[in-house]
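[1] can't give you the sequence, but here's the structure:
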């Protein structure tokens with residue numbers, strides 16, 4: 001029996017050596033599933049137009065990824081669902097009334113420019129959906145800042161809660177929208193910001209499934225909560241803080257955007273720093289910028305700093321003196 005080893009097939013590979021059944025497709029599918037409660041609520045609030053926008057955006061993102069890979073004769077990657085998720089997220093951070101062709105422009109920028117030109121999934125340094133949204137705001141500012149009032153998507157446009165706070169109309173805001181309205185989602189805005197409750201449910205699902213960790217969302221939301229409580233611009237600090245946490249794209253950004261594997265830190269310490277930075281920038285933009293919301297740009301800015309966060313939070317290699325290693329560099 002000593003010669004049985006000759007019949008063995010040995011495979012040498014680099015670490016990690018732990019294997020499981022998760023792959024990119026299963027992770028993307030989990031995120032899409034987690035977004036369904038928020039999408040369902042937005043359809044209830046704004047009507048079927050929201051669902052059509054989501055379908056158009058997903059189809060556009062998938063098509064542009066297929067087209068790019070086809071033109072450059074690269075293996076197709078549309079089956080991993082990453083393009084579909086990008087299209088869904090883009091539709092959820094845009095007004096429900098945005099013309100479909102503008103959504104497709106955003107899809108093109110997100111997939112062609114931000115994702116594929118940098119090498120495809122795993123190589124982009126910006127979140128594609130947020131970059132697509134930023135491009136749309138730059139190109140079509142009027143349409144991207146026209147928000148529908150709840151349950152009146154085809155008739156009336158209205159200011160979002162954050163826009164009312166930015167204008168100093170906090171008392172009018174509390175009279176128009178209660179805290180329960182803010183939490184449940186009976187407010188104006190995009191599909192991805194109307195219901196903090198549904199987004200929270202989706203975020204907890206992702207944490208339970210271990211698709212994401214709690215570090216970035218808790219650091220992000222916690223930072224916004226602490227700053228807006230300590231420095232309120234309304235009469236009641238607690239109420240002002242809750243309106244800031246439940247309003248805008250904070251929940252969507254914290255659970256679904258800032259936790260993107262490719263554009264966020266890999267270490268737990270780095271994720272806490274990253275979430276803290278996102279929270280600080282969000283509050284600074286909301287307080288001192290001309291734009292009432294700050295989630296999109298805060299995450300994009302922090303995306304550009306991920307490399308340095310990873311550099312200084314990476315664990316020390318076993319047997320290596322950290323001070324000597326730093327001095328050698």
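    Arrived safely, thanks for sending. What you see is a predicted model; the values in this text were computed from it and never measured.
[2] Could you list the low-confidence segments of the chain?
    In the predicted model, the chain carries pLDDT under 70 at residues 1-22, 151-158, 317-329.
[3] need the contact list for the residue nearest to the spatial centre of it.
    For the chain, the residue nearest the mean C-alpha position is residue 257 (1.6 Å; Cα atoms, centre = their mean). Going by Cβ atoms under 8 Å, 6 or more residues apart in numbering, residue 257 touches 89, 127, 129-130, 249, 295, 299. To be clear about C-beta, it is placed using only N, CA and C from the backbone, and glycine gets the same treatment.
[4] Repeat that for residue 25.
    79-81.
[5] of all the residues you listed, which comes closest to residue 267?
    Using Cβ to Cβ, residue 80 is the member of the contacts of residue 25 that lies nearest residue 267, at 24.8 Å.
[6] burial of that closest one, as a residue count?
    Neighbour count for residue 80, taken as other Cβ atoms under 10 Å: 19.
[7] Out of the contacts of residue 257, list just those in helices.
    Secondary structure from DSSP state H places 89, 129-130, 295, 299 of the contacts of residue 257 in helices.
[8] Which single one of these is nearest to residue 159?
    Closest to residue 159, out of all of these and judged by Cβ to Cβ, is residue 295, at 17.4 Å.
[9] quick one: that closest one and residue 245 touch, right?
    No: contact criterion Cβ atoms under 8 Å: residue 295 and residue 245 do not qualify, at 11.7 Å.
[10] Please identify which of these two sits among more neighbours.
    The residue with more neighbours, out of residue 295 and residue 245, is residue 295; 30 against 20, by other Cβ under 10 Å.
[11] about what we covered before: now the contacts of residue 25 in JSON lines, with secondary structure?
    As requested, those are exported to JSON lines (DSSP: H, G, I helix; E, B strand; the rest coil):
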{"residue": "79", "secondary structure": "helix"}
{"residue": "80", "secondary structure": "helix"}
{"residue": "81", "secondary structure": "coil"}
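[12] now the residues you listed as a markdown table including distance to residue 137?
    Formatted as a markdown table, these follow (distance: Cβ to Cβ, whole Å):
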| residue | distance to residue 137 |
| --- | --- |
| 79 | 31 |
| 80 | 28 |
| 81 | 26 |
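[13] name the helices or strands packed onto the host helix or strand of residue 309?
    Following DSSP states H and E, one finds residue 309 within helix 306-313. Helices and strands touching helix 306-313, by 3 or more Cβ pairs under 8 Å, 6 or more residues apart in numbering; DSSP states H and E, are helix 268-288.
[14] Now do the helix it packs on and helix 306-313, the angle between them.
    Orientation check (axes from the mean of the first three to the mean of the last three Cα atoms, to 10 degrees): helix 268-288 against helix 306-313 gives 130 degrees.
[15] Which other helices and strands does helix 268-288 contact?
    helix 161-166, helix 215-230, helix 295-303, helix 306-313.
[16] and that helix, which residues are buried?
    270-283, 285-286 (16 or more other Cβ atoms under 10 Å).
[17] Closest to residue 208 out of these?
    In terms of Cβ to Cβ, no member of these lies closer to residue 208 than residue 271, at 17.6 Å.
[18] end to end, how far does stretch 226-244 reach?
    Distance between the two ends of stretch 226-244: 11 Å, counting by Cα to Cα, to the nearest Å.
[19] what residues does it touch?
    Identification of contacts with stretch 226-244 by Cβ under 8 Å, 6+ apart yields 161-162, 165, 168, 170-171, 173-174, 179, 182, 224-225, 245, 250, 279-280, 283, 286-287.
[20] Next: stretch 198-207.
    Applying Cβ under 8 Å, 6+ apart, the external contacts of stretch 198-207 come out as 30-31, 33-38, 40-41, 185, 192, 212-214, 217, 251-252, 254-256, 259.
[21] How far does it sit from its chain's centre?
    Centroid separation between stretch 198-207 and its chain, computed with Cα atoms, centre = their mean, to the nearest Å, is 13 Å.
[22] cool, stretch 228-240 as well?
    Worked out by Cα atoms, centre = their mean, stretch 228-240 lies 26 Å from the chain centre.
[23] what's the span of it from first residue to last?
    One end of stretch 228-240 to the other measures 7 Å (Cα to Cα).
[24] buried set for that stretch?
    Going by 16+ other Cβ under 10 Å, stretch 228-240 has these buried residues: 228-229, 232, 234, 239-240.
[25] Now that we have those, can you turn them into CSV and tack on distance to residue 197?
    Formatted as CSV, these follow (distance: Cβ to Cβ, whole Å):
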residue, distance to residue 197
228, 19
229, 21
232, 23
234, 22
239, 18
240, 20
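[26] buried sites along stretch 98-107?
    Neighbour-count burial for stretch 98-107 [16+ other Cβ under 10 Å]: 98, 102-107.
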